[in-house]
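Colleague: quick one, structure for this:
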Amino acid sequence: MLDTSGAESIVAVASPFLGQSESVLLLKDYLPHMTKSEIHACMTAGFATVSGSTLQGYIALG
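Modeller: You can find the predicted model right below:
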């Protein structure tokens, strides 16, 4: 439907659970083969999400 690559989809799904820095580690084998737009989509997915541990910290603060 959106015609995203597997690598883009993996990062978009993993970002809320792992966080931005850890989810990008899933791409290290695919990075040399990705286009600039695919890399940008992965970075945008990371910036647009908050990891679960950060969200728990905000909840604990009230």
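Colleague: for the helix or strand of the chain with the lowest mean pLDDT, packing partners?
Modeller: Using mean pLDDT, DSSP states H and E, helix 20-23 stands out as the lowest-scoring helix or strand of the chain, at a mean of 86. Packing partners of helix 20-23 (3 or more CB pairs under 8 Å, 6 or more residues apart in numbering; DSSP states H and E): helix 6-18, helix 36-48. In this view, the C-beta of every residue, glycine as well, is placed from N, C-alpha and C.
Colleague: need the contact partners of that helix.
Modeller: Residues outside helix 20-23 that contact it (CB atoms under 8 Å, 6 or more residues apart in numbering): 10, 11, 14, 15, 17, 45, 46, 47, 49, 51.
Colleague: most neighbours among the residues you listed, which one?
Modeller: When neighbours are taken as other CB atoms under 10 Å, the top entry among the contacts of helix 20-23 is residue 11 (28 neighbours).
Colleague: hmm, residue 24 and it touching each other?
Modeller: Yes: contact between residue 11 and residue 24 holds when scored by CB atoms under 8 Å: they sit 6.7 Å apart.
Colleague: anything in contact with each of the two?
Modeller: Contact criterion CB under 8 Å, 6+ apart; residues shared by residue 11 and residue 24: 42, 46.
Colleague: ok, back up a step: now the least confident helix or strand of the chain: how far from the chain's centre is it?
Modeller: On the basis of CA atoms, centre = their mean, to the nearest Å, helix 20-23 sits 6 Å off its chain's mean C-alpha point.
Colleague: mind listing what's buried along that helix?
Modeller: 20, 23 (16 or more other CB atoms under 10 Å).
Colleague: out of the contacts of helix 20-23, which one has the lowest pLDDT?
Modeller: Least confident entry in the contacts of helix 20-23, by pLDDT: residue 51, with 79.
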